Every structure is written in structure tokens, then in C-alpha cells.
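K.L.:
got a predicted structure here, sequence first:
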Amino acid sequence: MSQAKEWVTERYGAIAREAQSSCCEAPAPAGERIGYRREDLAAAPAGADLGLGCGNPVALAGIEPGETVLDLGCGAGLDVFLAAARVGPTGRVIGVDMTPEMIQRARANAAAAGYTNVEFHLGDIESLPLPDASVDLVMSNCVLCLAPDKARAFGEIARVLRPGGRIAIADIVLDGALPDALRGDADAYCSCVSGAAPRAEYLAGLAAAGLQEVCVASEADAAELLAADCCGSGARAADLRGVVTSLHITARKPSEGD
């Protein structure tokens, strides 16, 4: 396992164990600060919302009943549970996370709330434990920026999507140069800062993986959000303003015959 993955596993394992959203205190319900509606958060199992992420990919996804949905870096399962309500009993939502403690927490949340259309798997988003062409939609919330090999992760997304399948992603990209002090900093990496890719590189990577109609649906400066989450590195919002941006991205895999 790479050093970056070790950092991420340790950090998010601790969050799962301690049921805290970050190294700094966030308002509750924590998910409201990144775009979730209070009523959706109230409908999710208690303990699913850890305040992690940089947006709300579920709101972007246009999920239909009966679909099979994959959530990359599912954490305690918030997006999985929100998607499960939309796919209904004939659909299925799969969560994948490489942190054992997160998977344990997500499974416990599902069991306590009686979900029957969700499943959670321990796995790496650079090598997904799913067959080819098996899902209609791939979601992710501020997770691909943590992947050391983003090209491989993008390729895995394209592999598991069915022809015509689509993505709905919230993630962090760079629109400027990071301060030197944050480069190689474990806390800044785990807080989605120093592992983020430049915007053009990120969007080109999705296209290079075989996805088309890559579109930035919305964007917002992420300086305040990420400075709070990586406080252990000493980063200030002023250091990150105009540098880190939260994007909501959609794209689709070509249909057969495209």
C-alpha cells in the first residue's frame, strides 16, 4: 500500500471509530454545510452523516427506480442510503470503501435501519471488486481526489459502467498552485487538498478513460471548507482561496453503437 493510502486509511479509520467529521468541529447536521437537505439527512440512518465530502452527488445523479448504483468511497453510507430510497426495492446500491472501520460502520447502519437493497464491500477504487458493465451509475463524494493513481480509478469507473451509464461526482480540483508547506503533508492530503489534480488534468483524465459529455454542472471555491478540515496542517482559508475548487461533474459511457 502506498504512503498516501496508508494516510487515508488511518485518518478515516479514526473518523469512523470516533464518529467525528474532521479534526475540527462542524455544525450539525454536518451534511448541511456541503449541500444536503435537512429532510434527506433526517431520513438517513443515525450515524451515516459524518460531514465528509464537498458536495451532494445524489442531487446531481437523477437516480431512477430499479437502477444499480455504485458509490466510491462510501464511508458510513450516507449517499448509499439516500440513493437506496430512490432506486427502490427493485434497485440496488453498492458502497465500496478501503477503510475497514467505515465498512463496518456502514453495514451496522444498514442492519439497524433494515435496508435490504444495499451492500458494502471493502475495496480499492483503483481496483474495484465488481464485474465489467455491471452498474448504471457511479457516484463519488470527494474521494477520487484521494486516489494516488487517478487514471486507474477513472479507468475502473469506465470498466464497471454499463454502456450508456453515467457518473455524478463531487470532487476537489486545483485552480492554482498549492503553498509549498502543504505539499506532501499527510493532513492536507487526507483533507482532499494536496492530492487534488489540476482541473484540466482531472477532466481530461475522465475523457481519456472513455467517458464522454464530461460536464462541470456547478462549482464553488472550497477554501473555507478545506481549511477547516485540514487544520492540523496549519492551512488557512486565505492560503487556499482561488486554489481549491469543489466541482460537481457529470459524464457518461458511450452507448453501444455510439
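P.N.:
Nice, thanks for sending it over.
K.L.:
quick one, strands of the stretch 1-150 of the chain?
P.N.:
Ranges of strands in the stretch 1-150 of the chain, per DSSP state E, counting those that start in this stretch, are 68-72, 92-97, 118-122, 135-141.
K.L.:
mind giving me a markdown table with the ones you listed and columns for distance to Pro148?
P.N.:
Quick note: C-beta positions are derived from backbone N, CA and C, even for glycine. Compiled in a markdown table, the strands of the stretch 1-150 of the chain are given as follows (distance: least, Cβ to Cβ, whole Å):
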| stretch | distance to Pro148 |
| --- | --- |
| strand 68-72 | 14 |
| strand 92-97 | 16 |
| strand 118-122 | 18 |
| strand 135-141 | 15 |
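K.L.:
would you list the ones you listed in a markdown table and tack on mean pLDDT and distance to Leu60?
P.N.:
Formatted as a markdown table, those follow (pLDDT from 0 to 100; distance: least, Cβ to Cβ, whole Å):
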| stretch | mean pLDDT | distance to Leu60 |
| --- | --- | --- |
| strand 68-72 | 98 | 13 |
| strand 92-97 | 98 | 16 |
| strand 118-122 | 98 | 20 |
| strand 135-141 | 98 | 8 |
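K.L.:
how far away is Asp149 from Asn109?
P.N.:
30 Å (Cβ to Cβ, to the nearest Å).
K.L.:
show me which of the two is the more surrounded one.
P.N.:
Set Asp149 next to Asn109 and count neighbours by other Cβ atoms under 10 Å: Asn109 wins out with 22 against 15.
K.L.:
what sits against the nearest residue in space to the more buried one that is not next to it in sequence?
P.N.:
If the residues on either side of it in the chain are set aside, Asn109 comes closest to Pro45, at 4.2 Å by Cβ to Cβ, 6 or more residues apart in numbering. Residues near Pro45 by Cβ atoms under 8 Å, 6 or more residues apart in numbering: 77, 81, 109-110, 112-113, 115.
K.L.:
cool, and Leu82?
P.N.:
Residues near Leu82 by Cβ under 8 Å, 6+ apart: 40, 43-44, 58.
K.L.:
shaky segments in the protein?
P.N.:
Residue ranges of the chain with pLDDT under 70: 1, 19-30, 228-236.
K.L.:
the strand ranked longest in it packs against which elements?
P.N.:
The longest strand of the chain (DSSP state E) is strand 161-174. Using 3 or more Cβ pairs under 8 Å, 6 or more residues apart in numbering; DSSP states H and E, the elements in contact with strand 161-174 are helix 57-61, strand 135-141, strand 197-198, helix 199-208, strand 244-252.
K.L.:
re the thing from before, buried subset of the contacts of Pro45?
P.N.:
77, 81, 109-110, 113, 115 (16 or more other Cβ atoms under 10 Å).
K.L.:
looking at those, spot the one nearest Thr245.
P.N.:
When these are compared for distance to Thr245 (Cβ to Cβ), Gly77 wins out at 26.6 Å.
K.L.:
test my guess that that closest one contacts Asn109.
P.N.:
Yes - contact criterion Cβ atoms under 8 Å: Gly77 and Asn109 qualify, at 5.2 Å.
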